[in-house]
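*Asks:* pasting the sequence and the predicted model now:
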Amino acid sequence: MIKNLLRAVPALALSVLPLAGPAAATPSPVHARVAAGPAAGGPTAAAAREGAPPTGTDVPLAVALAWVEVAPEGPRAGYSREQFKHWNKGLDPADGCDTRKEVILTEAVEAPEVGPRCALTGGRWWSQYDQVWITSASSLDVDHMVPLAEAWDSGAAAWTAARREAYANDQGAPNSLIAVSASSNRSKADKDPATWLPVPADRCAYAADWVADKLRWQLTADAAERDALASLSAGCPTSVVTYEQVP
């Protein structure tokens, strides 16, 4: 899987322990969590003024951020998680695993055993937000990179039910959905980068993933969110963003 190819796995791991993360591996050109510099001849700051193209590969974080439309977020009227149908039957309905379980299986550093009704036993995962190892699937949450409520505030309130379902179950980009420790996901809740960030070691990657998801789904950012991301991007000069817009 793309995500697992990006990680070189340490030899030793215990249960949920704050160990050093997997060593950097060769970055994939289609993965948002990379720290390679922009390719020669790639987008420049001037290109940001022309608006976001429908796809972007290895776009410097600061340039990609400039493509995110800034708009105020109004009162969260009418929102509920039920507005975003999840989890659906996933990419392969025949395997008995819903989207959540499919993401957990994709992100396993050591694959669990899969039993009847997609029951998972064993396995090992690296939780990016808090940089800890997880050795039980029951200790994982599958997080929406841009939370459902934030997506609602940023444009999804006007979407059809089908588009909201597609968003809530999006496995078409590496980090639209990410398996992380339940504690870190619940700490994040529905906050944007102005009010919540992962541990420092993950912040450049997190900012790139957040911007990629906003561009992929053509969601807006409010001024405080935009300022927080700009501050992060200033400290992440080699971070790049890759995305493909959903029509």
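*Replies:* Cool, got the structure.

*Asks:* so which elements touch the helix ranked longest in the chain?
*Replies:* Ordering each helix of the chain by length in residues (DSSP state H) puts helix 203-216 first. Judged by 3 or more Cβ pairs under 8 Å, 6 or more residues apart in numbering; DSSP states H and E, helix 203-216 is in contact with helix 61-66, helix 223-234, strand 240-244. C-beta: built from backbone N, CA, C; applies to glycine.

*Asks:* mind telling me what element residue 102 is part of?
*Replies:* Counting by DSSP states H and E, the element that carries residue 102 is helix 99-107.

*Asks:* can you redo the helices and strands packed on helix 203-216 as a markdown table with distance to residue 128, mean neighbour count and mean pLDDT?
*Replies:* Listed next are those as a markdown table, based on distance: least, Cβ to Cβ, whole Å; neighbours: other Cβ atoms under 10 Å; pLDDT from 0 to 100:
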| stretch | distance to residue 128 | mean neighbour count | mean pLDDT |
| --- | --- | --- | --- |
| helix 61-66 | 17 | 23 | 97 |
| helix 223-234 | 15 | 17 | 98 |
| strand 240-244 | 16 | 24 | 97 |
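
*Asks:* so for residue 121, which of those sits nearest?
*Replies:* Closest approach to residue 121 among these (Cβ to Cβ): strand 240-244, 34.1 Å.

*Asks:* now the closest one, how far from the chain's geometric center?
*Replies:* 11 Å (Cα atoms, centre = their mean, to the nearest Å).

*Asks:* quick one: list the elements packing against that strand.
*Replies:* Using 3+ Cβ pairs under 8 Å, 6+ apart, the elements in contact with strand 240-244 are strand 55-60, helix 61-66, helix 203-216.

*Asks:* where does pLDDT dip in this protein?
*Replies:* Low-confidence segments of the chain (pLDDT under 70): 1-50.

*Asks:* recalculate using a threshold of 90.
*Replies:* Along the chain, the parts satisfying pLDDT under 90 run over 1-52, 74-75, 90-96.

*Asks:* what residue in it is the furthest from its centre?
*Replies:* Distance from the centre of the chain peaks at residue 116, with 28.8 Å (Cα atoms, centre = their mean).
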